[in-house]
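S.K.: pasting the sequence and the predicted coordinates here, then a few questions.
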Amino acid sequence: MIHVSGAKSPGECALLFPPAKALILGDALIGKPKGKLTMLPPEKFPDPSKAVEGVRALLEHAFDAVLVDHPEQGFDLPSELLHFTEPDRWWLWTRWMWDPRAGTGALPLVTVEDFDWDAPNRPEGYLRVGEAMAFVNETGKAVGFTDLGSGLFGADVFLACVYAVYMYTVLRLRMTQEFNRIVPELPDLVRRLLGVYRPEV
């Protein structure tokens with residue numbers, strides 16, 4: 001993880017993923033016009049010259065590809081890369097766990113009602129998800145449902161099961177029978193949420 005100094009949001013970070021030679025950015029650069037990298041307008045930064053220095057510092061790192069603009073499919077990727085590279089250090093945050101735009105996810109279904117999900121920016125949101133994950137993990141240890149693996153893996157599986165049951169129930173109640181025929185069965189739905197397509201022992 002690389003701190004991007006002078007960025008629009010305090011605490012802005014870039015994620016360098018060496019195996020793919022990819023750099024994942026938040027708002028440090030944007031992809032406009034399509035296929036080009038540019039900075040946001042100067043008025044978006046507290047100090048535009050420091051923002052330029054922060055972006056220039058990224059060039060000291062080796063990468064071949066850049067992911068920018070918070071694309072929907074890119075929302076989950078930085079957290080997944082961190083979590084699955086160092087699962088004991090970084091917790092998972094995907095949209096099915098907590099989607100700030102929709103206000104839904106597995107975590108609000110299993111945390112206390114007065115938990116404050118509102119975060120001013122993405123890094124702060126990640127910290128709030130971490131607090132909720134710690135709560136779920138500790139509760140899981142107390143009652144034994146997170147004994148499925150080391151680190152937060154048990155909590156990940158538990159939350160995937162919670163969201164799969166929620167999603168499955170909502171789809172069954174609200175969608176047509178024709179649509180429901182294409183919805184995977186619960187075990188397969190959990191595997192797909194976790195990105196595990198072939199169970200291996």
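M.R.: Great, that's in hand.
S.K.: residues touching the closest residue to V55 other than its chain neighbours, list them.
M.R.: The shortest distance from V55 to any non-neighbouring residue, by Cβ to Cβ, 6 or more residues apart in numbering, is to A28 (5.6 Å). For the C-beta atoms, the positions are set from N, CA and C on the backbone; glycine is no exception. Counting by Cβ atoms under 8 Å, 6 or more residues apart in numbering, A28 touches V4, A7, E12, A14, M39, A51, G54, V55, L58, V68.
S.K.: and those residues as JSON lines, adding neighbour count, pLDDT and distance to E178?
M.R.: What follows is the contacts of A28, written out as JSON lines (neighbours: other Cβ atoms under 10 Å; pLDDT from 0 to 100; distance: Cβ to Cβ, whole Å):
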{"residue": "V4", "neighbour count": "22", "pLDDT": "85", "distance to E178": "48"}
{"residue": "A7", "neighbour count": "23", "pLDDT": "81", "distance to E178": "47"}
{"residue": "E12", "neighbour count": "21", "pLDDT": "79", "distance to E178": "45"}
{"residue": "A14", "neighbour count": "25", "pLDDT": "82", "distance to E178": "44"}
{"residue": "M39", "neighbour count": "17", "pLDDT": "83", "distance to E178": "48"}
{"residue": "A51", "neighbour count": "23", "pLDDT": "87", "distance to E178": "51"}
{"residue": "G54", "neighbour count": "21", "pLDDT": "87", "distance to E178": "51"}
{"residue": "V55", "neighbour count": "19", "pLDDT": "85", "distance to E178": "50"}
{"residue": "L58", "neighbour count": "17", "pLDDT": "85", "distance to E178": "49"}
{"residue": "V68", "neighbour count": "19", "pLDDT": "73", "distance to E178": "39"}
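S.K.: what stretches of the chain score poorly on pLDDT?
M.R.: Low-confidence segments of the chain (pLDDT under 70): 33, 69-75, 146-151, 196-201.
S.K.: show me it divided up by domain.
M.R.: Using automatic domain parsing, the domain parsing of the chain gives 2-67, 72-194.
S.K.: now the contacts of A28 as TSV including distance to I182?
M.R.: Compiled in TSV, these are given as follows (distance: Cβ to Cβ, whole Å):
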residue	distance to I182
V4	42
A7	42
E12	40
A14	38
M39	43
A51	46
G54	46
V55	44
L58	43
V68	33
